[in-house]
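Novice: pasting the sequence and the predicted coordinates here, then a few questions.
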Protein chains: 2
Amino acid sequence: MPAPPPTQQEIAMPPSPTRMIHFGSFNVTSQVFHTTAHSFALVNLKPLLPGHILVCPLQPKPLLRDLTATETADLFQTVTRVQKTLRRVYKAEAFNVAVQDGEAAGQSVKHVHCHVIPRKTKDEGGDDKVHEWLEGKEGDVGRHQAEGSVGEREGGGWARDEDRKPRGREEMEREAVLLKEEMAKDEET
Amino acid sequence: MPAPPPTQQEIAMPPSPTRMIHFGSFNVTSQVFHTTAHSFALVNLKPLLPGHILVCPLQPKPLLRDLTATETADLFQTVTRVQKTLRRVYKAEAFNVAVQDGEAAGQSVKHVHCHVIPRKTKDEGGDDKVHEWLEGKEGDVGRHQAEGSVGEREGGGWARDEDRKPRGREEMEREAVLLKEEMAKDEET
C-alpha cells in the first residue's frame, strides 16, 4: 500500500528538518552534535586531545562583543551543558575553556568559537598540545576546515601531511552521532 | 565649622561602602575594579601582558558547572563589559579569554576565574607569554597571591626573584583605581 500523501502539517514541518549550519563559511552540519536556541556544538577536524570540541553562536558573529546578552548566556551555558557529557564520555577531570577573541589572539575563523578541551591529571603531552595550539601550529580550525574542504573537492581524499593529519569526514560524523546520543542520556528528565 | 552629624540615611548607606571581596582565600578587595550583581573583576598581581585581568563570580565556586545559569551569564557579560574598557585603555585589538576549569587544566585557585588578556598584532612575545602561562611557569595566580601575602606578612616587602617579580600592592591599587574610573567613562548613558 503506498504511503498516504503528506498532510499540510507535514509539509510545513518536515519530520527530520535538516538545518544547514555554518561555521564561518564552512558547512559543518554533519559535525554538529548539539544545538540550542542560539548556539551549536561541533566536533573538531583535528582535536588537540580526545573530546576537544567547539561551541559557537548560530549567528556567524566574529567577536564576543558582537553577541547579544542572550547569545552570550546561551553560549556559555551550552559549554557547561556539553562539559557534563564530555566529562562522562571522555573521563575528563577538568577543561580548558578558551576563546581566541580576534585575529591578534589567534582566531582563524571569524565566527566566535569556544574551545572546550577535556583534560586529565596525566594526559599525554596535554600541556604541550594546548601550548602548540596557542602558538598556532596546531588547532588552526580555519586551516583544517579548509584542508578538509580541499580534500573533498579533489575527490574524497583528505589533505594530509606526515605530522598533521585531519580526520576523515566519516570519523567526525561517527563522533558527532555518538556525542548526540550521549548528550541525550544526560538530558534533565 | 564642624561637619554636620550624619543623617540616618548616611548611617544606613555609608558613602563608600567597603565590601570585602575574596578570591579563593585571598582578600583582594583593593585589586577589584568592577563589580556586578554576581561577578567582580580584579587586576593581576603579575599580568602576562599589560591589562591582563581576571573576572570571577562573587560566590567562591570552584568550577563553571557549579555556577547558576544567572551567574554564568553575568560572568561572561562582565567579560565583554570589561573588554570594552580594556580595548580603549590598552589599545587592545583582540583578547585571549580563558578559564582553566579544574586543577588538571592548570587551575591554581579553586574559585572560577576567567583570564582576559589584551592582545595586539605585534605584542612583544605575546604568544610565548600566553604559552608559558599554560605550562604553569607564569601566571599562577594562586602562587602569586600567596607570595604577595607572605611578603606582606614579613614586613611590607614582596616576594621576588630575578625572573618573576610580582607587582607591589600600591601599583595594583593604582591600576584598579584607574580602571574603575575608565570603566565609568564607558557606562551606557
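Specialist: Noted; the coordinates are in hand.
Novice: C-alpha from now on. contacts and neighbour counts both.
Specialist: Will do.
Novice: quick one: the helices in chain A?
Specialist: All helices of chain A, identified by DSSP state H, fall at A:8-12, A:69-89, A:126-135, A:141-153, A:169-185.
Novice: weakest of these in terms of mean pLDDT?
Specialist: Mean pLDDT across the helices of chain A is lowest at helix A:8-12; the value there is a mean of 46.
Novice: longest strand in chain A, by number of residues?
Specialist: If you go by DSSP state E, chain A has its longest strand at strand A:94-101.
Novice: partners of that one in the sheet?
Specialist: strand A:114-119 (antiparallel), strand B:94-101 (antiparallel) (DSSP bridges).
Novice: adding distance to A:Thr78 and mean neighbour count, write these out as TSV.
Specialist: Below are these laid out as TSV (distance: least, CA to CA, whole Å; neighbours: other CA atoms under 10 Å in any protein chain shown):
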stretch	distance to A:Thr78	mean neighbour count
strand A:114-119	10	26
strand B:94-101	15	24
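Novice: of all those strands, which one is nearest A:Asp66?
Specialist: For these, the distance to A:Asp66 is smallest for strand B:94-101, at 13.0 Å, taking CA to CA.
Novice: mind exporting that closest one as PDB, just the C-alpha atoms?
Specialist: Extracted C-alpha coordinates of strand B:94-101, given in PDB (Å, rounded to 0.1, in the frame of the first residue of the first chain):
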ATOM      1  CA  ALA B  94      41.900  41.200  20.400                       C
ATOM      2  CA  PHE B  95      41.700  39.100  23.600                       C
ATOM      3  CA  ASN B  96      42.500  35.700  24.900                       C
ATOM      4  CA  VAL B  97      39.600  34.700  27.100                       C
ATOM      5  CA  ALA B  98      40.300  31.500  29.000                       C
ATOM      6  CA  VAL B  99      39.100  29.500  32.000                       C
ATOM      7  CA  GLN B 100      41.300  26.700  33.500                       C
ATOM      8  CA  ASP B 101      38.300  24.800  34.700                       C
END
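Novice: what is the orientation angle of it with helix B:69-89?
Specialist: On the basis of axes from the mean of the first three to the mean of the last three CA atoms, to 10 degrees, strand B:94-101 is oriented at 150 degrees to helix B:69-89.
Novice: can you list contacts of strand B:94-101?
Specialist: With CA atoms under 8 Å, 6 or more residues apart in numbering or on different chains as the test, strand B:94-101 has contacts from A:94-105, B:63-64, B:83, B:87, B:106-107, B:112-120.
Novice: ok, the closest residue to A:Ala69 other than its chain neighbours - contacts?
Specialist: Among residues not flanking A:Ala69 along the chain, B:Gln77 sits closest, at 6.6 Å (CA to CA, 6 or more residues apart in numbering or on different chains). Residues near B:Gln77 by CA under 8 Å, 6+ apart: A:69, A:72-73.
Novice: turn these into JSON lines, columns for distance to B:Val43 and neighbour count.
Specialist: Shown next, in JSON lines, are these (distance: CA to CA, whole Å; neighbours: other CA atoms under 10 Å in any protein chain shown):
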{"residue": "A:Ala69", "distance to B:Val43": "24", "neighbour count": "16"}
{"residue": "A:Thr72", "distance to B:Val43": "23", "neighbour count": "25"}
{"residue": "A:Ala73", "distance to B:Val43": "24", "neighbour count": "22"}
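Novice: chain B: which of these is nearest?
Specialist: A:Ala73 (4.2 Å; CA to the nearest CA).
Novice: which residue, other than its chain neighbours, is closest to the closest one?
Specialist: Counting by CA to CA, 6+ apart, the residue nearest A:Ala73 is B:Ala73, at 4.2 Å.
Novice: thanks again, I'm all set now.
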